[in-house]
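S.K.: heads up, no residue letters with this:
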């Protein structure tokens with residue numbers, strides 16, 4: 001090979017090497033730009049995620065938001081926000097106030113033992129009952145109007161009771177009986193009543209509510225959620241100084257046994273109620 005050809009070959013080799021270095025430099029630059037861009041997107045995404053999480057955590061929960069909603073009162077109610085619920089014959093001269101919380105296990109025990117006696121007394125016109133429902137077992141504190149964090153079952157069941165009351169007095173009483181029954185009432189620590197499907201499943205055992213679309217929509221849509229809170233407030237601010245459930249009051253007097261407990265047998269209940277009716 002001549003020196004000329006050798007020199008030309010070297011020049012060509014140097015040119016190829018230079019071109020290759022330029023391409024490598026360009027590829028490296030593009031790679032750096034992509035990495036930086038991805039890093040920026042990642043940072044923005046992370047910041048956006050954190051921001052979204054902060055916004056979500058600061059948003060009020062469902063029941064906190066419900067406190068600001070307008071109350072829709074069920075049919076068959078009277079008084080402010082429909083929180084006066086009186087059931088019975090007009091001919092009945094006296095009214096027995098019944099204070100209960102849907103999640104209360106003692107209320108469930110009372111209903112299972114004495115509930116049928118109360119329903120018969122109402123049918124016979126012996127007295128009316130005024131239902132006052134509380135939700136303190138959800139963690140809602142008495143008297144301050146706060147919505148607690150120990151569950152939602154009492155409030156959800158109260159709302160469903162409102163939906164039943166909107167159907168009829170009888171549907172309300174029968175549904176309340178079903179909620180407190182041994183088959184359906186959960187342990188106090190089990191917040192099962194927060195589940196709309198479970199509340200509807202129970203309702204399907206009540207003739208007036210079975211496959212009742214209007215009732216089911218009211219439960220699913222929370223139509224009476226604000227009413228449930230209003231009823232709970234009525235419990236919290238009651239003038240009878242009731243702080244526990246079940247409690248029974250007639251003519252402003254708490255009906256309790258000699259031991260200071262609520263009546264938990266038919267005999268105890270009849271003795272106390274008959275005495276109050278004569279008073």
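M.R.: On my side now, so go ahead. Computed from a predicted model, the values in this text were never measured in an experiment.
S.K.: stretch 111-127 - what's its average pLDDT?
M.R.: Mean pLDDT, computed over stretch 111-127, is 98.
S.K.: buried ones in it?
M.R.: For stretch 111-127, a neighbour-count test (16 or more other C-beta atoms under 10 Å) marks 111, 114, 115, 117, 118, 119, 121, 122, 126, 127 as buried. All C-beta atoms are positioned from the backbone trio N, CA, C, and that covers glycine.
S.K.: the fifth one and residue 131 touch, don't they?
M.R.: No - with contact taken as C-beta atoms under 8 Å, residue 118 and residue 131 are classed as non-touching, separated by 10.8 Å.
S.K.: residues shared between the contacts of the two?
M.R.: Overlap of the contact sets of residue 118 and residue 131 (by C-beta atoms under 8 Å, 6 or more residues apart in numbering) consists of residue 98.
S.K.: residues contacting stretch 255-264, please?
M.R.: If you take C-beta under 8 Å, 6+ apart as the criterion, stretch 255-264 is touched by 106, 109-110, 113-114, 246-249, 268-269, 271-273, 276.
S.K.: ok, now which ones touch residue 112?
M.R.: Neighbour list for residue 112: 180, 181, 182 [criterion: C-beta under 8 Å, 6+ apart].
S.K.: dump these into TSV; add neighbour count and distance to residue 158 as well.
M.R.: Output for the contacts of residue 112, formatted as TSV (neighbours: other C-beta atoms under 10 Å; distance: C-beta to C-beta, whole Å):
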residue	neighbour count	distance to residue 158
180	22	13
181	15	17
182	9	21
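S.K.: in TSV, list these along with secondary structure.
M.R.: Listed next are the contacts of residue 112 as TSV, based on DSSP: H, G, I helix; E, B strand; the rest coil:
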residue	secondary structure
180	coil
181	coil
182	coil
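S.K.: relative to residue 239, which of those residues is nearest.
M.R.: Closest approach between the contacts of residue 112 and residue 239, by C-beta to C-beta: residue 180, at 25.6 Å.
S.K.: the closest one touches residue 114, doesn't it?
M.R.: No - here residue 180 lies out of contact with residue 114, judged by C-beta under 8 Å, at a distance of 10.8 Å.
S.K.: where along the stretch 1-150 of the chain do the strands fall?
M.R.: 85-87, 95-100, 128-133 (DSSP state E, counting those that start in this stretch).
S.K.: ok, and what's touching the second one?
M.R.: Translated: strand 95-100. With C-beta under 8 Å, 6+ apart as the test, strand 95-100 has contacts from 86, 88, 107, 118, 127-134, 235, 238, 240, 242, 245-250, 273, 276.
S.K.: the last one too?
M.R.: With contact meaning C-beta under 8 Å, 6+ apart, strand 128-133 is reached by 84-89, 92, 94-102, 118, 122, 158, 161, 172, 176, 228, 231-232, 234-235, 238, 242.
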